[in-house]
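# sequence? don't have it. structure:
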């Protein structure tokens, strides 16, 4: 049994891939902290709606596929939001801060270190979630 065709694991793998790319971009920001005119980059997080749409489109139901329908006005529709790629790296708008650089560099090391720490914590959480679900599936199928 593999986890390749399970939507939950697709979501976990997608999030972990995003976190890996984000950690690389944060490291690049820190490395360029002294580069004149450098603007910090960030990676846009993948859309949950996109991951959900990819998962539900593969579910077979009576020869067709499953669709997500809204039953209340505050439910999210898949087609309503613009779906952004997790590969898009863009310059962030600089926040108004107490720290300025004479060279025009917009990297604030404290913010980058906080982002790196948050990314590490989220990655650990996804790894733990993956491990727990694999153990649960092994227990459910009788494989130890």
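Right, received. Where do you want to start? Because the structure is predicted, anything quoted here is derived from the model rather than measured. Numbers count the residues shown, from 1 in each chain.
# which parts of stretch 134-144 are buried?
Buried positions in stretch 134-144, judged by neighbour count with 16 or more other Cβ atoms under 10 Å: none. In this view, the C-beta of every residue, glycine as well, is placed from N, C-alpha and C.
# tally of neighbours for residue 107?
21 (other Cβ atoms under 10 Å).
# Over to the one 4 residues further on?
Summarising burial for residue 111: neighbours were counted as other Cβ under 10 Å, giving 16.
# Also residue 35?
Neighbour count for residue 35, taken as other Cβ under 10 Å: 13.
# cool, residue 116 as well?
For residue 116, using other Cβ under 10 Å, the count is 16.
# quick one: contacts for it?
By Cβ atoms under 8 Å, 6 or more residues apart in numbering, the contact list for residue 116 reads 23, 26-27, 30.
# which of these count as buried?
Buried members of the contacts of residue 116, counted by 16+ other Cβ under 10 Å: 23, 26.
# CSV for the contacts of residue 116, including distance to residue 108 and pLDDT?
Formatted as CSV, these follow (distance: Cβ to Cβ, whole Å; pLDDT from 0 to 100):
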residue, distance to residue 108, pLDDT
23, 17, 95
26, 12, 94
27, 15, 94
30, 10, 92
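# Could I get the full set of helices for this structure?
7-31, 48-56, 109-141 (DSSP state H).
# relative to helix 7-31, how tilted is the longest one?
Using axes from the mean of the first three to the mean of the last three Cα atoms, to 10 degrees, the direction of helix 109-141 lies 160 degrees away from that of helix 7-31.
# So what's the model's average confidence on helix 109-141?
Confidence for helix 109-141, expressed as mean pLDDT, is 92.
# Can you lay out the contacts of residue 116 as CSV showing distance to residue 73?
What follows is the contacts of residue 116, written out as CSV (distance: Cβ to Cβ, whole Å):
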residue, distance to residue 73
23, 38
26, 38
27, 43
30, 44
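# Confirm for me that residue 119 is in contact with residue 22.
Yes: counting by Cβ atoms under 8 Å, residue 119 does reach residue 22; the two are 5.3 Å apart.
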